[in-house]
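**Student:** model this:
(2 chains)
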2 protein chains.
Amino acid sequence: METLKIIKIGGNIINDTGALQQFIEGFSKLKGLKILVHGGGNSATETSQRLGLEVKKVEGRRITDQETLDVITMIYAGKLNKTIVAQLQANDCDAFGLSGADGNLIQSVKRPVTSIDYGFAGDIVQVNTSLIETLLKEAITPVFCALTHNKQGQLLNTNADTIASELAIAFASTYSVELFYCFERNGVLADISNDNSVIDALDSQAYQTLFQQGKIADGMVPKLDNCFSALRKKVTKVCIGKPEMIFDSNSIHTILQL
Amino acid sequence: METLKIIKIGGNIINDTGALQQFIEGFSKLKGLKILVHGGGNSATETSQRLGLEVKKVEGRRITDQETLDVITMIYAGKLNKTIVAQLQANDCDAFGLSGADGNLIQSVKRPVTSIDYGFAGDIVQVNTSLIETLLKEAITPVFCALTHNKQGQLLNTNADTIASELAIAFASTYSVELFYCFERNGVLADISNDNSVIDALDSQAYQTLFQQGKIADGMVPKLDNCFSALRKKVTKVCIGKPEMIFDSNSIHTILQL
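**Tutor:** Coordinates of the predicted model:
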C-alpha cells in the first residue's frame, strides 16, 4: 500500500513565526501523500481577550459558546489556515486549506450535555474519504483546521489531535498511514520534569501502568488515547515528539505500540 | 457548451441573517454548475473597530495594512466563508470554501504603488481553471472569499467583483458563463434617487454617456467596468440586480450588452 503521512502541529509551532517557517520548509519537501492538521495554540484566547470576551473553562477545558466559536472560526479557519496555506504555496506545496464543513469532509455531532455542557464542541462521526482521496490524487495537500460541522448548518470546535487520528483511521484500509503528533517535548516522558527521559517505545500496557502511577496525566492522556485508538484500528505507525522526527527518523521521539 | 453560473453577493446579503438564509436556500436549489463569490460587507470594519484598529481610507478606498489584512483574513476566509459553506451543506449544496491561495487557484500581484499605496491589495494575474474544473466535475460548488495570494507567501485583499469577473473570463472558452452581480438595488438606475428607474438593458455606449453625465458614479463605475470587461472577453451573459434575478428571470434587473 502507498504511504500517507498525517502530521498534526500545535501551538508551539503555530505561535512561533520562525518555527512555523522552518516546519513549512521541511514539510513541503516531504515526498509522497501527506495531510496537515493544525491546532490553534493560544491565538484564539488572545483574540478573545482583545475583543473583551471572557474565556470560559470547566476542568481545564474550554467551553465553546457562540462568541468563542466565532473567534475560533476567524482564527483557525481564517488567519492560521490561510497563512499556512499561503506559505506552503510559496514552498511549492500545493495545499488546500479546509474545515470539516468544506466538501462535508468531516461531519460531527454536538457533544451531548452530561455534567458539563461543552457548548459548540463536535465529536466526529464521519470522514468523507473519497473526496479527500480525489484531492490527494490531484497532488493536493489537505490542510485541516480544528473545525467540523454537523451537516445542519452548525460549525463545531473539534480537537485537532482527534481530527488527526480520525483521518488516520478512516484511511487505514486504503493507505499505510503514518501518524505524527508534533508537540513541544521530545516525546512521552517517564519523568515529566526531565526532557531527556523520553520513552523510545511505549506500548498500551506500559501506558496503563504509567497512567496508574500518575506519571502520565493531563493533556497527554487524551493524546495517547487517540494514538492507541489509531493503532488498534490498523494505522501503521504512530509517533509523538518534536517536528524533527518527521524529517529525521533517527531524531529522538516516542513510537507507540499496541 | 455547458452553462456555468458565477454569482457574486455582497454586504446587503451577508450582513443580514434572514437575507443570507433565503439566498442560500435559493442558490442551493440552482441546477447546473455554479460558483459563489462573496464580499465582506462591513463585518471587517466592525471587527477592526472592536479590536481598536484604525480603518484607513484614501479617496474612499480602504488601505490594507498588515493588521487590516489579518482582520480581513479572519472575517472573509474564516467566519463568513465557513458560515456560508456550513449553511450550504445543510441545504445539500456540496460547497468548498476557498481563497485564491488554496490550490493556487487565484494568483495576484501586490498592487504597484503610484500616488496611493493600497498596501496588501492584489491585482489578479492568473486563475487555475483546471483545478476548479476538477472540483466542478466532482459536483462541488466553489465558494470564494475576497482573498488571493502572490505565490510567495503573501495573502492579498482582492475586490470580490473583480474575482467574479476574472473567474468568468477564465472560464469563457470552456463554459457558457453567466455572471450575476447581486447588490441592494434593482439594477443600474438612470436616476440614482429613484429605485424604479432601472435600465433593463445597458450597452457600453449608453454607459459612457451616463458616466459623462455623472449619472453613473462612485462604486458603480468599477462594477460596470468589470461587467463590460467580462462581455468583451466572451462571457455569455452579465446581469446586475437583486438576488431574485437569479431565481426568476422575469424579475426586474439590468442586463449588460456590448
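**Student:** CA atoms for contacts and neighbours, from now on please.
**Tutor:** Will do.
**Student:** element containing A:G18?
**Tutor:** helix A:17-29 (DSSP states H and E).
**Student:** Flag every buried residue along stretch A:118-131.
**Tutor:** A:Y118, A:G119, A:F120, A:A121, A:G122, A:D123, A:I124, A:Q126, A:V127, A:L131 (16 or more other C-alpha atoms under 10 Å in any protein chain shown).
**Student:** CA-only coordinates of it in PDB, if you can.
**Tutor:** Output of stretch A:118-131 as PDB, limited to C-alpha atoms (Å, rounded to 0.1, in the frame of the first residue of the first chain):
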ATOM      1  CA  TYR A 118     -19.100  22.000  26.300                       C
ATOM      2  CA  GLY A 119     -21.200  24.200  24.000                       C
ATOM      3  CA  PHE A 120     -20.400  24.000  20.300                       C
ATOM      4  CA  ALA A 121     -17.900  21.200  20.600                       C
ATOM      5  CA  GLY A 122     -18.000  18.400  18.000                       C
ATOM      6  CA  ASP A 123     -17.500  14.700  18.200                       C
ATOM      7  CA  ILE A 124     -16.600  13.200  14.800                       C
ATOM      8  CA  VAL A 125     -19.000  10.800  13.200                       C
ATOM      9  CA  GLN A 126     -17.900  10.500   9.600                       C
ATOM     10  CA  VAL A 127     -14.900  11.300   7.300                       C
ATOM     11  CA  ASN A 128     -15.600  11.700   3.600                       C
ATOM     12  CA  THR A 129     -12.500   9.700   2.400                       C
ATOM     13  CA  SER A 130     -13.400   9.600  -1.300                       C
ATOM     14  CA  LEU A 131     -13.300  13.400  -1.800                       C
END
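**Student:** Centre of the chain to it, how far?
**Tutor:** In this view, stretch A:118-131 has its centroid 13 Å away from the chain centroid, taken as C-alpha atoms, centre = their mean, to the nearest Å.
**Student:** same thing with stretch A:190-203?
**Tutor:** Computed by C-alpha atoms, centre = their mean, the chain-centroid distance of stretch A:190-203 equals 21 Å.
**Student:** Give me the buried positions along the helix or strand where A:L202 lies.
**Tutor:** Secondary structure assignment for A:L202, by DSSP H and E: strand A:201-203. The neighbour-count check on strand A:201-203 (16+ other C-alpha under 10 Å) flags A:L202 as buried.
**Student:** Show me the contact partners of that strand.
**Tutor:** With contacts defined as C-alpha atoms under 8 Å, 6 or more residues apart in numbering or on different chains, strand A:201-203 is touched by A:T254, A:I255, A:L256, A:Q257, A:L258.
**Student:** what's the answer for stretch A:21-31, then?
**Tutor:** Residues outside stretch A:21-31 that contact it (C-alpha under 8 Å, 6+ apart) are A:I13, A:I84, A:Q87, A:L88, A:N91, A:D92, A:C93, A:P243, A:F247.
**Student:** what sits against the last one?
**Tutor:** If you count contacts by C-alpha under 8 Å, 6+ apart, A:F247 has them with A:G26, A:F27, A:L30.
**Student:** Make a ChimeraX selection of the buried ones in the contacts of strand A:201-203.
**Tutor:** This is how ChimeraX selects the buried members of these, with burial counted by 16+ other C-alpha under 10 Å:
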select /A:254,255,256,257
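**Student:** Direction included, what does the helix or strand hosting A:I6 pair up with?
**Tutor:** Counting by DSSP H and E, the element that carries A:I6 is strand A:3-9. Strand pairing for strand A:3-9, using DSSP bridges, gives strand A:33-38 (parallel), strand A:176-182 (parallel).
**Student:** between that strand and helix A:17-29, how big is the angle?
**Tutor:** For strand A:3-9 against helix A:17-29, the angle by axes from the mean of the first three to the mean of the last three C-alpha atoms, to 10 degrees is 170 degrees.
**Student:** same question for strand A:3-9, mean pLDDT?
**Tutor:** Averaged across strand A:3-9, pLDDT comes to 98.
**Student:** Check which element follows that strand along the chain.
**Tutor:** Next along the chain after strand A:3-9, taking DSSP H and E as the criterion, comes helix A:11-14.
**Student:** starting at the chain centroid, how far to that next one?
**Tutor:** Offset of helix A:11-14 from its chain centre (C-alpha atoms, centre = their mean): 12 Å.
**Student:** For it, name the packing helices and strands.
**Tutor:** Here helix A:11-14 touches helix A:17-29, going by 3 or more C-alpha pairs under 8 Å, 6 or more residues apart in numbering or on different chains; DSSP states H and E.
**Student:** does the host helix or strand of A:D123 come close to chain B?
**Tutor:** Using DSSP H and E, the element containing A:D123 is strand A:122-127. No: for strand A:122-127, no contact with chain B is found by C-alpha under 8 Å from any C-alpha of the partner chain; the gap never falls below 13.8 Å.
**Student:** Partner strands of that strand and their direction?
**Tutor:** Note on strand A:122-127: by DSSP bridges, its sheet partners are strand A:106-110 (antiparallel).
**Student:** The strand it pairs with: which residues count as buried?
**Tutor:** By 16+ other C-alpha under 10 Å, the buried positions in strand A:106-110 come out as A:I106, A:Q107, A:S108, A:V109, A:K110.
**Student:** Check the average confidence over that strand, would you?
**Tutor:** pLDDT averaged over strand A:106-110 gives 98.
**Student:** Off-centre distance for that strand?
**Tutor:** 16 Å.
**Student:** Repeat that for stretch A:139-147.
**Tutor:** A distance of 11 Å separates the centroid of the chain from that of stretch A:139-147, by C-alpha atoms, centre = their mean.
**Student:** Take that stretch, keep the C-alpha atoms, and write them as PDB.
**Tutor:** The C-alpha trace of stretch A:139-147 is given here as PDB (Å, rounded to 0.1, in the frame of the first residue of the first chain):
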ATOM      1  CA  ALA A 139      -1.300  16.100  -5.800                       C
ATOM      2  CA  ILE A 140      -3.100  18.400  -3.400                       C
ATOM      3  CA  THR A 141      -2.000  18.500   0.300                       C
ATOM      4  CA  PRO A 142      -5.100  19.000   2.500                       C
ATOM      5  CA  VAL A 143      -4.500  21.300   5.500                       C
ATOM      6  CA  PHE A 144      -7.200  20.900   8.100                       C
ATOM      7  CA  CYS A 145      -8.100  23.300  10.900                       C
ATOM      8  CA  ALA A 146      -9.800  22.200  14.100                       C
ATOM      9  CA  LEU A 147     -13.300  22.900  12.900                       C
END
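**Student:** what residues does that stretch touch?
**Tutor:** Stretch A:139-147 is contacted from outside by A:33-40, A:73, A:76-77, A:81, A:85, A:93-101, A:132, A:135-136, A:155-160, A:163, B:103, using C-alpha under 8 Å, 6+ apart.
**Student:** please redo it, this time with the cut-off set to 7 Å
**Tutor:** A:34-39, A:76-77, A:81, A:94-100, A:155-160 (C-alpha atoms under 7 Å, 6 or more residues apart in numbering or on different chains).
**Student:** cool, stretch A:83-102 as well?
**Tutor:** Outside stretch A:83-102, the residues touching it (C-alpha under 7 Å, 6+ apart) are A:24-25, A:28, A:77, A:81-82, A:106-107, A:140-145, A:147-149, B:85-86, B:95-97, B:101-104, B:149, B:151-155.
**Student:** make it 6 Å
**Tutor:** If you take C-alpha atoms under 6 Å, 6 or more residues apart in numbering or on different chains as the criterion, stretch A:83-102 is touched by A:28, A:81, A:106, A:140-145, A:147-149, B:86, B:95-97, B:101-103, B:151-153.
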